[in-house]
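**Q** Task: produce atomic coordinates for the following.
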Amino acid sequence: MKMLLLLLITCITSAQSDSVISGVYKWDDLKVEKSGNFDKRQILEGRTTDDENLNIYALTIEPEKSLKEKSDDETLIIIKEGDIKVSLKNDYKILSPGSTVLIMSGDSYEIENIGDSDATFYVFLYKSKYPVDIKRGIEAGGSFITDWNDLKYQPHDKGGMRQYFNRPTSVAKRFDIHVTTLNPEIKSHEPHTHRAAEIVLMINGKTEMEIYDGLYKGTDGDLYFLGSNIPHAIKNIGTKPSMYFAIQWE
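**A** Residues are numbered from 1 along each chain as shown. Below is the predicted model:
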C-alpha cells in the first residue's frame, strides 16, 4: 500500500511539473506551415522533468534546398524519408531514413536534400534545466552522425533492436537511443516506470501504448511522449513487425 501511494504521489508530482502531456501525437493531425523552403509540422513543445523546454518538429525540404544552423541548444536530427547530405565538423555524409545526427550545443551543421523528391527529418531541440557541460559532451565524443546502414541488428525473442548510442552529452548525463523491432501481437513488457522521460517515435507498423489506464494507438510517423515515472507499455497490434525509436535522456 505504501509503495502504491508513493508511486501515485510521484506520478502526480511529475504531471504537475511537466507541461508536455503524456500520450500520442498523431502525424496526420499535425498542421503544415510554410517556413521558407520548408514545410514545418510542430509536434510538441513544453517543459519536462529535466528540460526547461523541449521542442520537437518535422521539416520537409524540397530537392536541392538546404538548411544551415548553429543552435545554442543541443539538437537531435532523425531522418524520416529521403536522401539527405549532412555536413558536420568539416565532414559530410549522405544519410538514408533512420539515420541520426547529434549536435552538441554551439556546433554548426548543414542539411541538404540531394534527392529528386521531398525529404523529411525530425528536429529535437532540448534546453536542460541544468547547466550545459561542453567538456562532458566533448569527452563523450562530441557531435556525431549515426548511419542507419552501419547499425548492427541484434535479434531477441520478441523481435530485435539496433543500438545507436548510450552516452553523456553536453546537456544530459545519459542519452540513450535505440530502434526496436517488435513482432506481431507481442507486448514489449508489462507496464513499468523509469526516472527518465521517454519518446517512442514510430517508424512503421501498428502499435498500442498503455499509459496509466488509457490505451493510445500509433502508426507510421506518430510520436508517443511518456513523462518521468509514468506507467507505460507498448504492444504490436498489427500483423507485421513494427519498428520504433525509443529515446531516453536525463
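
**Q** Show me where this structure has its helices.
**A** 2-17, 134-139 (DSSP state H).

**Q** Just give me the neighbour total for Leu135.
**A** You called it Leu, but residue 135 is Lys. 9 (other Cβ atoms under 10 Å). Where C-beta positions appear, they are placed from N, C-alpha and C, glycine not excepted.

**Q** what about it, distance to Ser105?
**A** Distance, Lys135 to Ser105, by Cβ to Cβ, to the nearest Å: 12 Å.

**Q** Ranked by average pLDDT, which of the helices of the chain falls at the bottom?
**A** Mean pLDDT is lowest for helix 2-17 among those, at a mean of 41.

**Q** residue ranges with poor pLDDT in the protein?
**A** 1-17 (pLDDT under 70).

**Q** let's see 80
**A** Scanning the chain for pLDDT under 80 picks out 1-17, 35-36, 71.

**Q** For Ala58, give the beta-bridge partners.
**A** Following DSSP bridges, Ala58 is listed with bridge partners Arg41, Tyr122.

**Q** surely it meets Lys31?
**A** No. If you go by Cβ atoms under 8 Å, Ala58 and Lys31 don't touch, sitting 11.4 Å apart.

**Q** joint contacts of the two?
**A** By Cβ atoms under 8 Å, 6 or more residues apart in numbering, Ala58 and Lys31 have these common neighbours: Arg41.

**Q** Which one's more surrounded, these two?
**A** Taking neighbours as other Cβ under 10 Å, Ala58 and Lys31 compare with Ala58 leading, 21 against 7.

**Q** Contact partners for that one?
**A** Contacts of Ala58 by Cβ under 8 Å, 6+ apart are 30, 40-41, 43, 80, 120-123.

**Q** Quickly note the distance from Lys240 to Ile211.
**A** Applying Cβ to Cβ to Lys240 and Ile211 gives a distance of 24 Å.

**Q** Look at these two and report which has more neighbours.
**A** Neighbours per residue (other Cβ under 10 Å) separate Lys240 from Ile211, with Ile211 holding more: 20 against 11.

**Q** how about the nearest residue to that one, chain neighbours excluded?
**A** His232 (5.1 Å; Cβ to Cβ, 6 or more residues apart in numbering).

**Q** Near the one you found, how many other residues are there?
**A** 21.

**Q** quick one on the thing from earlier: which one of the contacts of Ala58 sits closest to Glu110?
**A** Comparing the contacts of Ala58 against Glu110 with Cβ to Cβ picks out Phe121 as the nearest, at 12.6 Å.

**Q** Contact partners for that closest one?
**A** Phe121 sits in contact with 58-59, 61, 77-80, 82, 84, 111, where contact means Cβ under 8 Å, 6+ apart.
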